[in-house]
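[1] fold the following and give me the result.
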Amino acid sequence: MPAHDLKLLEDSVRTAGTIARDIFARSCETWNKSDGSPVTEADIAVNTYLNGALRGARPEYAWLSEETEDDKSRFAAHRVFVVDPIDGTLAFVKRRPHFTICVAVVEDERPVSSCVYNPITDECFLAAAGEGAFLNGTRIHVSATESLEGCNMLASKATFSHPRWDQPWPPMHVENPNSIAYRVALVAAGKFDAAITMAELHDWDLAAADLIIREAGGLLTSVDGAEPRYNREDVVQPSALAAGPKLHAVLRSRLDNAPKT
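    Numbers count the residues shown, from 1 in each chain. Predicted coordinates for the structure are as follows:
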């Protein structure tokens, strides 16, 4: 049953959060990957700890992580841990409290249990398939907002200022924390109404938050409306749109005219 992994996920991720907080509190080693994106010693330390804690407890589960080379052994397993040890590394580097540690258990290309944890704000989002979503033990639900005007949006402000939109966007309150998973989890908790990113993502950016928002009554799709599938050969996700069902429909209609460049 999906729920039987939740205590393992929460305990492991909270301990990983202690590791991240300790490094966050001091200067840490940072370098760039081959694609130019930053990575820190915290990414590696958290990844190493979670690999040992999670796979030590569930050796039959496979492993897919941003910070581990993919050896494709995951295709031989029934379940796989999908992990982002630090989602929002840029926030971590800039000492902003907007990064999260994310773990999902994926089965048949869908997450069945998950945890998204912000160790600085101590916000722990948990979900298991069919069991609801929770923030620090309290059940959460997406907002009932139906209108774009005045809504609380998580996205890059540049998304809405592109000159090729066929009509201007209405006034919205827009914020842009670096962690994609944190954005989606905040929408799941009703603290914001929607989140959009037009950029390509990866399985580890979305899998944990995907289950949380669905269990909170919301939807997570690409901007084209496709439901994400995980643990495939290609782990790239084209974009993300998260909101309650009614606002999601409004956004989908607007995003059909999204600029292509």
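[2] after the least confident helix or strand in the chain by mean pLDDT, which helix or strand is next? Please name it.
    None of the helices or strands of the chain scores lower by mean pLDDT, DSSP states H and E than strand 30-32, at a mean of 86. As assigned by DSSP states H and E, the chain's next helix or strand after strand 30-32 is strand 38-40.
[3] centre of the chain to that next one, how far?
    Its chain's average C-alpha position is 18 Å from that of strand 38-40, according to CA atoms, centre = their mean, to the nearest Å.
[4] can you check stretch 23-42 too?
    19 Å.
[5] list the neighbouring strands of the least confident helix or strand of the chain plus their orientation.
    Strand pairing for strand 30-32, using DSSP bridges, gives strand 38-40 (antiparallel).
[6] who does the following helix or strand past the partner strand touch, helix- and strand-wise?
    Using DSSP H and E, the helix or strand that follows strand 38-40 in sequence is helix 41-57. Under the contact criterion of 3 or more CB pairs under 8 Å, 6 or more residues apart in numbering; DSSP states H and E, helix 41-57 touches helix 6-24, strand 62-65, strand 79-87, strand 100-107. Placement of C-beta: from N, CA and C, glycine included.
[7] one more pass at 10 Å, please.
    Packing partners of helix 41-57 (3 or more CB pairs under 10 Å, 6 or more residues apart in numbering; DSSP states H and E): helix 6-24, strand 30-32, strand 62-65, strand 79-87, helix 89-93, strand 100-107.
[8] what angle separates that helix from strand 79-87?
    For helix 41-57 against strand 79-87, the angle by axes from the mean of the first three to the mean of the last three CA atoms, to 10 degrees is 160 degrees.
[9] quick one: A62 and N51 touch, right?
    No. Between A62 and N51 there is no contact under CB atoms under 10 Å: 11.3 Å.
[10] out of those two, which sits in the busier spot?
    Ranked by neighbour count (other CB atoms under 10 Å), A62 and N51 place A62 first, with 20 against 17.
[11] which ones are touching the more buried one?
    Applying CB atoms under 10 Å, 6 or more residues apart in numbering to A62 gives the contacts 55, 71-82, 106, 231.
[12] what about 6 Å?
    S73, R74, A77, V80 (CB atoms under 6 Å, 6 or more residues apart in numbering).
[13] look up how far V82 lies from the first one.
    Going from S73 to V82 by CB to CB, to the nearest Å gives 14 Å.
[14] compare those two and say which one has the larger neighbour count.
    Using other CB under 10 Å as the criterion, S73 and V82 rank with V82 on top: 28 against 11.
[15] follow-up on the earlier one: intersection of neighbour lists for S73 and V82?
    Shared contacts of S73 and V82, defined by CB under 6 Å, 6+ apart, are absent.
[16] report the central residue of the chain.
    In the chain, the centroid-proximal residue (CA atoms, centre = their mean) is A181; its distance is 2.1 Å.
[17] excluding its backbone neighbours, what's nearest it?
    Among residues not flanking A181 along the chain, A209 sits closest, at 4.1 Å (CB to CB, 6 or more residues apart in numbering).
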